[in-house]
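Participant: Take this sequence and fold it.
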Amino acid sequence: MLRTRLPLLSIVCGLLLSVGCAEAGDSADKLMLPAKFRKLLPLHTKLGKPKPGEWLAEHEESGQTFRQYVAVGPVKPTKGRNVIYIQPLGDFTKTQRKILDLTTEFMGIYFDLPVKVREGLPLSEIPAKAQRTHPTWGDKQILSTYVLYDVLKPRLPKDACVSLALTASDLWPGKGWNFVFGQASLRERVGVWSIYRNGDPDESDASFLLCLRRTIKTATHETGHMFSMKHCTAYECNMCGSNHRVESDSQPQALCPHCLAKLCYATGADPRKRYEKLIAFCKANGLDTEQAFFEKSLAVFSPG
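Facilitator: I've put the predicted structure just below:
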């Protein structure tokens, strides 16, 4: 059994980053958050005591408010470097490619930035030294850190704020780990995520939606890290860390008010217009739960 002090089954979300988010009480939250985002606080649920095996039970994280985020000078897009690039890696079925295309569309709305899909790269770009067969399960895997530093980093376009690889192959980040769903490097502005463990989107309509939910959640989470958004330790939020699939699936696609304020500060997104576009996407693609929550959030920003 491969095991270190890290959990056996873990999602590496911002493995190379220090982590945290708001963890103060309600009154402190209001003092640390711009007024327009404070109105969202009643819609969001504070995290309770973590259960054994969950992320915060295994990882000690200090927390960070919106003001603290601004004070550290976070990574932000600039006028000449504002494109999110998606790099397909390896083969995809027709349905998996549809997941990729919808994820690309969602990313553009979520971050209010242009997104471009690059020409696909074959798995032959990954040498034998960066591949393995899992010693227990027999799954073929590629080394996530090789993808970050040897595939994406040398190909980083000049106008890229971030570059993300998407693959249908399983990922592992190195010795002592079984697998990861995704990994990102803030410093290098590169990330990778896999749909290998997101379910078979061809199995049924419900399986397709589950795969889509999991894929857009991982993609937006990893990209959030690359804009210096750290793990949320206060609310049920898309920026929460996850140790396993059950924990990840239980977390929302929506950002808590602090993390939303960070995103809007970094990218210049207008929260009201962003919610309108997110609602339209969810309605068009059958994401009813997400649509309902975004509609409640939009109502907070709407006049009247």
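
Participant: my read is L171 is in a helix, agree?
Facilitator: No. Going by DSSP: H, G, I helix; E, B strand; the rest coil, the assignment for L171 is strand, not a helix.

Participant: Was I right to think it contacts V192?
Facilitator: Yes. Applying C-beta atoms under 8 Å as the test, L171 and V192 come out as touching, 6.7 Å apart. (C-beta placed from N, C-alpha, C; glycine too.)

Participant: Those two: which has the busier surroundings?
Facilitator: Taking neighbours as other C-beta atoms under 10 Å, L171 and V192 compare with V192 leading, 29 against 24.

Participant: Tell me the confidence at that one?
Facilitator: Each residue has a pLDDT score; the one for V192 is 93.

Participant: is it fair to say it lies in a strand?
Facilitator: Yes. According to three-state DSSP, the state of V192 is that of a strand.

Participant: joint contacts of L171 and V192?
Facilitator: S144, V147, G182, Q183 (C-beta atoms under 8 Å, 6 or more residues apart in numbering).

Participant: Now the longest helix along the chain: average pLDDT?
Facilitator: In the chain, taking DSSP state H as the definition, the longest helix is helix 205-226. Here helix 205-226 scores 92 as its mean pLDDT.

Participant: just the shared contacts of L171 and V192 now: which is nearest K129?
Facilitator: Taking C-beta to C-beta as the measure, V147 is the one of these closest to K129, at 13.1 Å.

Participant: For the closest one, give its distance to P154.
Facilitator: As judged by C-beta to C-beta, to the nearest Å, V147 and P154 stand 12 Å apart.

Participant: And for P271?
Facilitator: P271 is 36 Å from P154, by C-beta to C-beta.

Participant: Which one of those two is surrounded by more residues?
Facilitator: P271 (21 against 7).

Participant: Contact partners for T104?
Facilitator: I86, V115, V117.

Participant: that's a strand at the first one, yeah?
Facilitator: So that's I86. Yes. The assignment for I86 (three-state DSSP) places it in a strand.

Participant: so what's it up against?
Facilitator: L100, T103, T104, M107, V115, K116, V117, R118, L164, A165, L166.

Participant: Out of these, which end up buried?
Facilitator: Buried members of the contacts of I86, scored by 16 or more other C-beta atoms under 10 Å, are L100, T103, T104, M107, V115, L164, A165, L166.

Participant: can you tell me which of those residues are in strands?
Facilitator: Per DSSP state E, strands hold the following members of these: V115, L164, A165, L166.

Participant: I'd like those residues as TSV, with distance to T133 and pLDDT appended.
Facilitator: Shown next, in TSV, are those (distance: C-beta to C-beta, whole Å; pLDDT from 0 to 100):
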residue	distance to T133	pLDDT
V115	34	96
L164	26	94
A165	21	95
L166	22	94
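
Participant: now these as a markdown table including distance to R214?
Facilitator: Shown next, in a markdown table, are those (distance: C-beta to C-beta, whole Å):
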| residue | distance to R214 |
| --- | --- |
| V115 | 19 |
| L164 | 15 |
| A165 | 17 |
| L166 | 12 |
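
Participant: quick one: which of these is nearest to N238?
Facilitator: The nearest one, if we look at those relative to N238 and count by C-beta to C-beta, is L164, at 15.7 Å.

Participant: ok, now which ones touch that closest one?
Facilitator: Residues near L164 by C-beta under 8 Å, 6+ apart: 84-87, 152, 184, 190-193, 219, 222-223.

Participant: try 7 Å this time
Facilitator: Taking C-beta atoms under 7 Å, 6 or more residues apart in numbering, we find L164 in contact with I84, Y85, I86, Q87, G191, V192, W193, A219, E222, T223.

Participant: and the nearest residue to the fifth one once chain neighbours are set aside, what are its phi and psi?
Facilitator: In other words, G191. Among residues not flanking G191 along the chain, A184 sits closest, at 3.5 Å (C-beta to C-beta, 6 or more residues apart in numbering). Phi and psi for A184, reported as degrees, to the nearest 10, are phi -140, psi 150.

Participant: pLDDT score for A184?
Facilitator: According to the prediction, A184 has pLDDT 84.

Participant: pLDDT score for the nearest residue to G120 once chain neighbours are set aside?
Facilitator: Spatial nearest neighbour of G120, chain neighbours left out: P88 (3.9 Å); criterion: C-beta to C-beta, 6+ apart. We have a pLDDT of 96 for P88.

Participant: sorry, back to before: outside of the longest helix of the chain, which residues touch it?
Facilitator: 13-14, 17, 75, 84, 95, 99, 102-103, 106-107, 110-111, 162, 164, 181-182, 184, 186, 189, 191, 193, 195, 198-201, 238-239, 253, 263, 285-287.

Participant: Kindly recompute the last result at 6 Å.
Facilitator: 13-14, 17, 99, 102-103, 106, 110, 162, 181-182, 184, 186, 189, 191, 193, 195, 198-201, 238-239, 253, 286 (C-beta atoms under 6 Å, 6 or more residues apart in numbering).
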